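Asker: I need the structure of the sequence given here:
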Amino acid sequence: RKEYVDLYVNYMLNKSVQKSFGDFMQGFLRGCPARNWKIFFPEELQVLLQGHTTFDWHLLEKNVVYRKYQKIDLTIRIFWTVFHRLPEEKKKMFLAFLSGSDRISGYKLGCFRFCIEDPQVENPDAIYPYANACYCILFLPR
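Answerer: Modelled structure (predicted):
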């Protein structure tokens, strides 16, 4: 039985996907030659390809750029108070709303910056906050 199980597992996990994986690997190596990614440890390569999954939210707050706002404005203080009270899952949902991904790219977390901007509309109560995910800008009405 053990030999049968070993052969079956080997077939399911290796032999049955060998052609597909070979084709994938050939395409991957064409776009990203092995000499470029062999310099990384596996953990570093994973972060580079998948992004960071754990965050220092206070560092994120520290790196925000404000346009037409100041850090001491009431709207900004309320925003960060509410944000820091959110559960981790909701904070990641905000990150996805802001940037299009619930992860931060493989560079250092301290380098990630986003902007909070006042859209300066006539009636701020008439619009919801919205984001420009391409430029990581949160338009937050007063």
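Asker: Quick check: nearest residue in space to the residue positioned nearest the centre of the chain, chain neighbours excluded?
Answerer: Among the residues of the chain, the one closest to the centroid is residue 103, at 1.6 Å (CA atoms, centre = their mean). Leaving out its chain neighbours, the residue that sits closest to residue 103 by CB to CB, 6 or more residues apart in numbering is residue 51, at 3.2 Å. All C-beta spots, glycine's among them, are computed from the backbone N, C-alpha and C.
Asker: show me the contacts for the one you found.
Answerer: 101, 103-106 (CB atoms under 8 Å, 6 or more residues apart in numbering).
Asker: could I get these as JSON lines with pLDDT, distance to residue 74 and secondary structure?
Answerer: Listed next are the contacts of residue 51 as JSON lines, based on pLDDT from 0 to 100; distance: CB to CB, whole Å; DSSP: H, G, I helix; E, B strand; the rest coil:
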{"residue": "101", "pLDDT": "84", "distance to residue 74": "30", "secondary structure": "coil"}
{"residue": "103", "pLDDT": "82", "distance to residue 74": "31", "secondary structure": "coil"}
{"residue": "104", "pLDDT": "79", "distance to residue 74": "28", "secondary structure": "strand"}
{"residue": "105", "pLDDT": "72", "distance to residue 74": "32", "secondary structure": "coil"}
{"residue": "106", "pLDDT": "62", "distance to residue 74": "36", "secondary structure": "coil"}
